[in-house]
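In: test case, fold it:
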Amino acid sequence: MDAAQLKDRLKVFALRIIKLSERLPNNNTGNTLGKQIIRSGTSPGANYRSACLGKSDKDFLNKLKIVEEELDETLYWLELIVESGLIQENLLKELMTENIELLKIIVSSITTMKKKLNS
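Out: Numbers count the residues shown, from 1 in each chain. Below is the predicted model:
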């Protein structure tokens, strides 16, 4: 997968997160989790775009680590939404799978960049 494809995939993921937040109940819990997941779920795409403009390989790596952290945080919020019963797991399974796949791609990129920097 090239950078352009990953940018697109992260944008689609962010849009799906935004749509999910709109489905959360309009109460304290739903509003709080909605704000959290919008922040963490839209951040990976923006940070990946920034990483692609990195000034150096080290800068690229540092920004990729932010993408990793935000994807992991988003997975946490998805788990809380399911485990709190706000949305049934079967309705979020595909989104959670995409979150995990994106996280694996980023972790792989981080590993590759670390090897490049250490050689």
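In: wait, isn't K58 in contact with K114?
Out: No. K58 lies out of contact with K114 (C-beta atoms under 8 Å); the separation is 10.3 Å. (Glycine included, C-beta is placed from N, CA and C.)
In: residues contacting I18?
Out: Contacts for I18 (C-beta atoms under 8 Å, 6 or more residues apart in numbering) come out as I38, G41, T42.
In: for the last one, give its distance to N27.
Out: To N27, T42 is 22 Å away according to C-beta to C-beta, to the nearest Å.
In: pick out whichever of the two has more residues nearby.
Out: Ranked by neighbour count (other C-beta atoms under 10 Å), T42 and N27 place T42 first, with 20 against 9.
In: give the contact list for that one.
Out: T42 touches A14, I17, I18, counting by C-beta under 8 Å, 6+ apart.
In: for those, which one is nearest L78?
Out: I17 (8.8 Å; C-beta to C-beta).
In: mind checking what secondary structure that closest one has?
Out: With DSSP: H, G, I helix; E, B strand; the rest coil as the basis, I17 sits in helix.
In: I figured it was touching T74, is that so?
Out: Yes. I17 lies in contact with T74 (C-beta under 8 Å); the separation is 6.9 Å.
In: need the residues touching each of the two.
Out: I37, G41.
In: which one of the two has more residues nearby?
Out: T74 (27 against 24).
In: ok, the more buried one to D57 distance?
Out: For T74, the distance to D57 (C-beta to C-beta) stands at 26 Å.
In: equivalent analysis for I105, please.
Out: I105 is 18 Å from D57, by C-beta to C-beta.
In: neighbour count for these two, which is higher?
Out: Neighbour tally, I105 and D57, criterion other C-beta under 10 Å: the higher count belongs to I105, 16 against 12.
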